[in-house]
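Undergrad: need coordinates for the following:
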Amino acid sequence: MQLDHDQLHKLLDALADSDIQEFRLEGEDFRLEIRRSFPSATAFVSSEAVPSLIEAPTSSPSQVKVDTVTPSSPPPPVPASRADLVDITAPMVGTFYRAPGPEEPAFVEVGSRIGVGQTVCILEAMKLMNELESEVSGEVIEILIDNGTPVEFGQVLMRVKPS
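TA: Numbering: from 1, shown residues only. Sure, this is the predicted structure:
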């Protein structure tokens with residue numbers, strides 16, 4: 001079985017919207033496992049077959065190799081949310097980036113006014129840069145994650161006071 005990045009991304013999106021707690025997919029050169037335990041909805045990807053980074057080989061873009069990813073220690077506890085704030089959470093496991101590039105300004109800062117559909121950060125997952133867009137208009141009150149930090153599915157990234 002061969003699986004390209006687009007197919008893998010669509011699969012992960014479909015699984016994120018489902019209530020499936022465990023999913024396993026095996027191909028000739030990879031093994032993908034996703035496990036979530038509700039209510040915290042933690043997910044991780046692992047492989048026992050191929051110890052190399054997830055990447056699309058240049059010779060054949062339809063193949064994907066999966067890296068062994070060990071679940072890291074749980075994220076630090078997040079201060080309790082105020083009732084008047086809306087949490088923006090990670091829709092996937094990935095690496096949190098506040099800006100589109102190392103020398104570029106952050107998408108948002110504490111105190112920034114944001115609108116629905118505005119990009120607030122990037123989550124890198126499997127070498128794909130996924131822009132996370134706000135689903136609420138308002139003012140950014142807290143940014144809880146440092147740039148370049150790995151995040152878990154459902155982890156609170158920032159809090160917004162809706163307007």
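Undergrad: lowest-scoring secondary structure element of this protein by mean pLDDT?
TA: Every helix and strand of the chain was ranked by mean pLDDT, DSSP states H and E. The lowest is strand 45-46, at a mean of 44.
Undergrad: what's whichever helix or strand comes after that one packed up against?
TA: Using DSSP states H and E, the helix or strand that follows strand 45-46 towards the C-terminus is strand 86-89. Packing partners of strand 86-89 (3 or more CB pairs under 8 Å, 6 or more residues apart in numbering; DSSP states H and E): strand 156-162. For every residue, glycine as well, the C-beta is placed using N, CA and C.
Undergrad: what lines up beside the strand it packs on in the sheet?
TA: With DSSP bridges as the test, strand 156-162 is paired with strand 86-89 (antiparallel), strand 138-143 (antiparallel).
Undergrad: just the endpoints, please. Distance across stretch 127-142?
TA: One end of stretch 127-142 to the other measures 27 Å (CA to CA, to the nearest Å).
Undergrad: now do the buried residues in that stretch.
TA: By neighbour count with 16 or more other CB atoms under 10 Å, stretch 127-142 contains the buried residues Leu128, Asn130, Leu132, Ser134, Val136, Gly138, Glu139, Val140, Ile141, Glu142.
Undergrad: equivalent analysis for stretch 140-152, please.
TA: Those would be Val140, Ile141, Glu142, Ile143, Leu144, Ile145, Pro150, Val151, Glu152, for stretch 140-152 by 16+ other CB under 10 Å.
Undergrad: and the residue nearest to Ser137 when sequence neighbours are not counted, how far is that from Gln155?
TA: In this structure, Ser137 finds its nearest non-sequential neighbour in Gly115, 4.9 Å apart by CB to CB, 6 or more residues apart in numbering. As judged by CB to CB, to the nearest Å, Gly115 and Gln155 stand 23 Å apart.
Undergrad: who's more crowded, the two?
TA: Gln155 (22 against 11; other CB atoms under 10 Å).
Undergrad: picking up where we left off before, lowest-confidence one in the buried residues of stretch 127-142?
TA: Comparing pLDDT over the buried residues of stretch 127-142, the lowest score belongs to Leu128 (90).
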